[in-house]
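A.B. asks: Structure, please.
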Amino acid sequence: MDTSPEELPGLVPPVGSLIALVKDLVECPWPDSEQQREALFRQLDFVSGPPIDDPGDGPGTRHFTLNTALPGEIFSLWASHRGRFMGINLQVYGAREPNSPTAWQGLGELRRQLTALYGPPTLPWEDQEVPPHIWAANGRTVVVHFFHARDSGVMLSIDDTTVATEAEAEEVAREPLGQSRPASLHDSHADAVPQSP
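C.D. replies: Model (predicted):
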């Protein structure tokens, strides 16, 4: 029997709210200017916070804190690359325990609903116990990461595929041979889930 987000207790924010946000970002005209990004943020009830990057990191990709209208404890960021809006990152269902049942529940429902919308995901590293799940839709890349070994949490990212690919290629080119630091939002902050002491 199919289970709707309303029937899943303890998930804050509700999975349905996250899915609605994903759909908004996948289906909207992607901003081509700072003015258009600001207008989209107003439409989505987003409030941009201060940048979190080191000022010496250069002019490429920049990350900013983000406040959303979603309920619950959410660590959120948005990113730009050379002045172009790249995407957002939401970390939800966090718990300071390994294998949190709530985090597993949120992961399962997110994957189910995203697969229903966009088809089967790509799994880039199938040897991992829980590899990232990646969906491509309308020029966007939607990624779900799951953390469970120490603390638990689900990370949801929605990027413009073209901008994220350009940012990653530029970052790889800047790094010394043999070292790379992914510039896409879902990779560059994959370790940003709050950790317990």
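
A.B. asks: Using the three-state scheme, assign residue 29.
C.D. replies: Taken by DSSP: H, G, I helix; E, B strand; the rest coil, the conformation at residue 29 corresponds to coil.

A.B. asks: How many neighbouring residues does it have?
C.D. replies: Counted with other C-beta atoms under 10 Å, residues neighbouring residue 29 total 7. Heads up, the C-betas are built off the backbone N, CA and C, glycines and all.

A.B. asks: can you tell me how far it sits from residue 158?
C.D. replies: For residue 29, the distance to residue 158 (C-beta to C-beta, to the nearest Å) stands at 14 Å.

A.B. asks: In space, what's closest to residue 66 - neighbours in sequence excluded?
C.D. replies: Nearest residue to residue 66 in three dimensions, chain neighbours excluded: residue 76, at 4.0 Å (C-beta to C-beta, 6 or more residues apart in numbering).

A.B. asks: so what's residue 99 up against?
C.D. replies: Contact partners of residue 99, counting by C-beta atoms under 8 Å, 6 or more residues apart in numbering, are 148, 152.

A.B. asks: So it lies in a helix, does it not?
C.D. replies: No. Read with three-state DSSP, residue 99 is coil and lies in no helix.

A.B. asks: So what's the residue count around residue 90?
C.D. replies: 20.

A.B. asks: do the same with residue 95
C.D. replies: Neighbour count of residue 95, defined by other C-beta under 10 Å: 17.

A.B. asks: One more: residue 120?
C.D. replies: For residue 120, using other C-beta under 10 Å, the count is 9.

A.B. asks: swap in residue 84?
C.D. replies: Neighbours of residue 84 (other C-beta under 10 Å): 19.

A.B. asks: got it, and residue 27?
C.D. replies: Using other C-beta under 10 Å, residue 27 has 10 other residues around it.

A.B. asks: And the nearest residue to it once chain neighbours are set aside, how far from residue 162?
C.D. replies: Counting by C-beta to C-beta, 6+ apart, residue 27 lies nearest to residue 138, which is 6.6 Å off, once chain neighbours are set aside. As judged by C-beta to C-beta, residue 138 and residue 162 stand 12 Å apart.

A.B. asks: of these two, who's got more company?
C.D. replies: More crowded of residue 138 and residue 162, by other C-beta under 10 Å: residue 162, with 15 against 11.

A.B. asks: Would you agree the more buried one falls within a helix?
C.D. replies: Yes. Read with three-state DSSP, residue 162 is one of the residues of a helix.
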